[in-house]
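J.: just to be clear, the model below is a prediction. Sequence and coordinates:
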Amino acid sequence: MTRVYSQTSALAAAAVADAEQTWDTRYEWQAVVLLTLGFGLVGLDRWIIAPLFPSIMKELHLNYQDLGNIVGALGLSWGIFAVVGGGLSDRLGRRRVLLPALIGFSLLSGLSGMAGGLTSLILIRALMGVTEGSFCPTSFATTNDASKPSRRGFNLGLQQSTFPLFGLAFGPIVATQLLAVTSWRGIFVIVAIPGLILAVLMARVIREPPAAATKSAERAPLKELLQHRNVPLSMLALLCAMTGIFTISAMIPNYLVDYLKLSTTQMGFVTSAVGFGGFLGQLVLPGLSDLWGRKLMSVLGFAVGAVFLYAFMRTGAVPTTLFGLLFVACFCCFGLLGLITGPIAAEAAPRGLVSSTAGIIIGSGEIFGGGIAPSLAGAVAQHFGLQHTLTMALIGVSLGILVSLMLQETAPRKRVPA
């Protein structure tokens, strides 16, 4: 048995070495750059509503519960259609899902500026979740297809790192600057334009992987989707991470102003830690997992994130300390998002079902963590106090430690002898 395993490992190592020598690096970086920009626009279009909400609230007569419901509606539809879109891209091809989805969420972002009330705004954002949910796993699978195996974790982390950078770091800056020259309605229209330009560039560059041209019989049957232990475990782990991410992202600005009594300027400084910490985490954590293993980095990410989130909750109105603690907590939470939906999902996927696997993992996390959790956090904030919303986030992140301990290691450098 040992001899057979050694021969198999040697063949696997030879195959990896051959792929390394013949890889189309030029296309890899072209595709990764475009997909990275695309996912950054997903973050911008999704989260630009948060800094605009005070203006929207005043004009449309909304409250904090309404904000939670608007964010939650997008998360629920995103989760459902991450599963649907992921499956479609494995069958129809990446481009047939990727390009319409990118055009769709860009147009719907612009349409958000035409909402006349709560109902229409929720409907538009829910439809936006349909297109972004379809784009998300398809774009991850496309990055995986284009990436050399030894750079898979880094590339998938790089792609996802722009989600918090564009949406939660640059988004508030863009929104507040544009509010000086136009209304919140005009800002939604403006941020839709880059996505349409990017769709043209992707149409020229993105290729279908060779596997997309194979017959469906060569793909693994769908019943194998959950057979790898990391798939159901990743569904649970992502739910834990997203409960932290979306509760923090939606509620921290009001927590800082209404509970800790920081000024608006101080709140903006502290809140920027969510975006900048998340950007660096999604860039670094998946990349480190290429070297040190997926399981180890997942356990450490949840553990360190829980410790720093707890410390944040116990800290008073000291902006610099709050910034540092929130930066590290979001570094871990967003880094886990990139790690779980990127290399862990890709390496647990049956043959030909990378996008489907990413879709079912993302869908499960989004439905609760991105859909139900923000709405629940809005209700908790409205009726019991903003400070208790962070307890929800802490519980979710802490449970992720236990889930991560059960993961199976799949990093190529840990499984294939050099």
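T.: Arrived safely.
J.: gap between Val403 and Leu108?
T.: Taking CB to CB, to the nearest Å as the measure, Val403 falls 33 Å from Leu108. Every C-beta, even on glycine, is put in place using the N, C-alpha and C of the backbone.
J.: okay, now the unreliable bits of this protein?
T.: Across the chain, the ranges flagged by pLDDT under 70 are 1-21, 210-223, 414-418.
J.: try 50 this time
T.: Along the chain, the model assigns pLDDT under 50 to residues 1-18, 212-217, 416-418.
J.: can you give me the helices in the stretch 201-350 of the chain?
T.: Listed from the start of the chain, the stretch 201-350 of the chain has helices (DSSP state H, counting those that start in this stretch) covering 230-254, 264-292, 294-313, 319-339, 345-348.
J.: if you count neighbours, what's buried in the longest one?
T.: What it means is helix 264-292. Neighbour counts using 16 or more other CB atoms under 10 Å place 266-290 of helix 264-292 among the buried residues.
J.: and if you look at stretch 113-131?
T.: 113, 115, 118, 121-122, 124-131.
J.: list of residues touching it?
T.: The contact list for stretch 113-131, computed with CB atoms under 8 Å, 6 or more residues apart in numbering, reads 45-46, 49, 56, 60, 62, 66, 69-71, 73-81, 100-102, 104-105, 108-109, 111-112, 184-189.
J.: which ones are touching the residue lying closest to Ser272 once chain neighbours are set aside?
T.: Spatial nearest neighbour of Ser272, excluding adjacent residues (CB to CB, 6 or more residues apart in numbering): Ala169 at 5.6 Å. Counting by CB under 8 Å, 6+ apart, Ala169 touches 272, 274-276, 278-279.
J.: relative to Ala317, which of these is nearest.
T.: Checking the contacts of Ala169 against Ala317 with CB to CB, the nearest one is Ser272 at 16.8 Å.
J.: how near is the closest one to Leu165?
T.: According to CB to CB, Ser272 and Leu165 sit 11 Å apart.
J.: still on that earlier bit, which of the helices of the stretch 201-350 of the chain sits closest to Gly369?
T.: Closest among these, once you apply CB to CB, is helix 230-254, at 2.4 Å.
J.: tell me how far the closest one lies from the chain's centre.
T.: On the basis of CA atoms, centre = their mean, to the nearest Å, helix 230-254 sits 10 Å off its chain's mean C-alpha point.
J.: equivalent analysis for stretch 161-171, please.
T.: Here the centre of stretch 161-171 is set off from its chain's centre by 11 Å, with CA atoms, centre = their mean.
J.: quick check: end-to-end length of that stretch?
T.: Using CA to CA, to the nearest Å, one end of stretch 161-171 lies 14 Å from the other.
J.: and the contacts of stretch 113-131, which of them are buried?
T.: Among the contacts of stretch 113-131, those scoring as buried are 45-46, 49, 56, 60, 62, 66, 69-71, 73-81, 101-102, 104-105, 108-109, 111-112, 184-185, 187-189 (criterion: 16+ other CB under 10 Å).
J.: of the residues you listed, which belong to helices?
T.: Among the buried ones among the contacts of stretch 113-131, the residues falling in helices (DSSP state H) are 45-46, 49, 56, 60, 66, 69-71, 73-81, 101-102, 104-105, 108-109, 111, 184-185, 187-189.
J.: what sits against Thr321?
T.: Counting by CB under 8 Å, 6+ apart, Thr321 touches Thr315.
J.: any idea how far Ser364 is from it?
T.: Counting by CB to CB, the gap from Thr321 to Ser364 is 35 Å.
J.: just list the residues touching Ile344, thanks.
T.: For Ile344, the contacting residues are 230, 234, 294, 298, 407, 410, by CB under 8 Å, 6+ apart.
J.: and with 6 Å instead?
T.: Neighbour list for Ile344: 230, 234, 294 [criterion: CB atoms under 6 Å, 6 or more residues apart in numbering].
J.: chain center to the one helix or strand Gln160 maps to: distance?
T.: Taking DSSP states H and E as the criterion, Gln160 maps to helix 152-164. Centre-to-centre, helix 152-164 and its host chain are 9 Å apart (CA atoms, centre = their mean).
J.: stretch 402-416 now?
T.: 21 Å.
J.: buried set for it?
T.: 403-404, 407, 410-413, 416.
J.: next one: stretch 363-377
T.: Neighbour-count burial for stretch 363-377 flags 363-377 (criterion: 16+ other CB under 10 Å).
J.: using CSV, list the CA coordinates for that stretch.
T.: This file holds the C-alpha atoms of stretch 363-377, laid out as CSV (Å, rounded to 0.1, in the frame of the first residue of the first chain):
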residue,chain,number,x,y,z
GLY,A,363,-25.0,30.1,-0.7
SER,A,364,-25.2,28.5,2.7
GLY,A,365,-23.1,31.2,4.3
GLU,A,366,-24.9,34.1,2.5
ILE,A,367,-28.4,32.9,3.3
PHE,A,368,-27.8,33.1,7.1
GLY,A,369,-24.7,35.2,7.5
GLY,A,370,-25.4,37.7,4.8
GLY,A,371,-29.2,37.5,4.8
ILE,A,372,-30.8,36.6,8.1
ALA,A,373,-28.0,37.8,10.4
PRO,A,374,-28.1,41.5,9.3
SER,A,375,-31.9,41.6,9.6
LEU,A,376,-31.7,39.9,13.0
ALA,A,377,-29.0,42.3,14.0
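J.: touching that stretch from outside, list them.
T.: Outside stretch 363-377, the residues that touch it by CB under 6 Å, 6+ apart are 68-69, 71-72, 75-76, 78-79, 82-83, 235, 238-239, 242-243, 246-247, 250-251, 389, 392.
J.: Ile361: which element?
T.: Element membership for Ile361 (DSSP H and E) is helix 354-365.
J.: I'd guessed Ala348 sits against Leu226; true?
T.: No: in this structure, Ala348 is not within contact of Leu226 by CB atoms under 6 Å, at 9.7 Å.
J.: looking at the two, which has the bigger crowd around it?
T.: Comparing Ala348 with Leu226 by other CB atoms under 10 Å, the one with more neighbours is Ala348, at 26 against 14.
J.: what about Tyr27, neighbour count?
T.: Using other CB under 10 Å, Tyr27 has 13 other residues around it.
J.: and the angle for the helix or strand in which Leu121 is found with helix 319-339?
T.: Following DSSP H and E, one finds Leu121 within helix 118-146. Interaxial angle, helix 118-146 versus helix 319-339 (axes from the mean of the first three to the mean of the last three CA atoms, to 10 degrees): 60 degrees.
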